[in-house]
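In: Give me the fold of what follows.
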Amino acid sequence: MTHGPWLCDLTSDGVTVVWATSKPALSWVEVAEDDGRSFYAAEHERRYETVAGRKQARKTLHSIRLKGLRPDTKYRYRIFS
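Out: Numbers count the residues shown, from 1 in each chain. Prediction:
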């Protein structure tokens with residue numbers, strides 16, 4: 001990761017995570033509610049940037065929309081590139 005991450009376009013049920021890498025990479029974000037347990041001890045659902053249902057792998061600027069979040073809920077996330 002060369003720049004970011006930035007949290008953008010915050011709404012009541014979502015947020016966009018943006019970051020940059022020095023080389024094109026398949027990237028994803030894992031997100032889960034902050035329940036006080038170790039976030040890093042388990043895998044979580046992977047959310048990818050897609051266009052027409054296809055994962056985007058040849059990019060250096062990554063932007064993934066996290067939808068379906070609940071208001072007034074704390075979340076943790078981690079980025080893979």
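
In: Identify the residues contacting the spatially most central residue of the chain.
Out: Nearest residue to the geometric centre of the chain (CA atoms, centre = their mean): residue 29, 3.1 Å. Residues in contact with residue 29 (CB atoms under 8 Å, 6 or more residues apart in numbering) are 17, 46, 47, 64, 66, 77, 78, 79, 80. For every residue, glycine as well, the C-beta is placed using N, CA and C.

In: secondary structure class for the third one?
Out: It refers to residue 47. Three-state call for residue 47 (DSSP: H, G, I helix; E, B strand; the rest coil): strand.

In: That one contacts residue 16, doesn't it?
Out: No: counting by CB atoms under 8 Å, residue 47 does not reach residue 16; the two are 11.0 Å apart.

In: shared neighbours of the two, which are they?
Out: By CB under 8 Å, 6+ apart, the residues touching both residue 47 and residue 16 are 64, 66.

In: mind listing the strands for the protein?
Out: In the chain, the strands defined using DSSP state E lie at 3-11, 14-20, 28-33, 46-48, 50-51, 54-55, 61-67, 75-80.

In: Please produce JSON lines containing the ones you listed, extended by distance to residue 39.
Out: Putting these into JSON lines (distance: least, CB to CB, whole Å) gives the following:
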{"stretch": "strand 3-11", "distance to residue 39": "15"}
{"stretch": "strand 14-20", "distance to residue 39": "15"}
{"stretch": "strand 28-33", "distance to residue 39": "6"}
{"stretch": "strand 46-48", "distance to residue 39": "14"}
{"stretch": "strand 50-51", "distance to residue 39": "24"}
{"stretch": "strand 54-55", "distance to residue 39": "23"}
{"stretch": "strand 61-67", "distance to residue 39": "15"}
{"stretch": "strand 75-80", "distance to residue 39": "4"}
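
In: could I get those strands as CSV with mean pLDDT?
Out: CSV is the format used below for the strands of the chain (pLDDT from 0 to 100):
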stretch, mean pLDDT
strand 3-11, 96
strand 14-20, 97
strand 28-33, 93
strand 46-48, 91
strand 50-51, 82
strand 54-55, 82
strand 61-67, 95
strand 75-80, 94
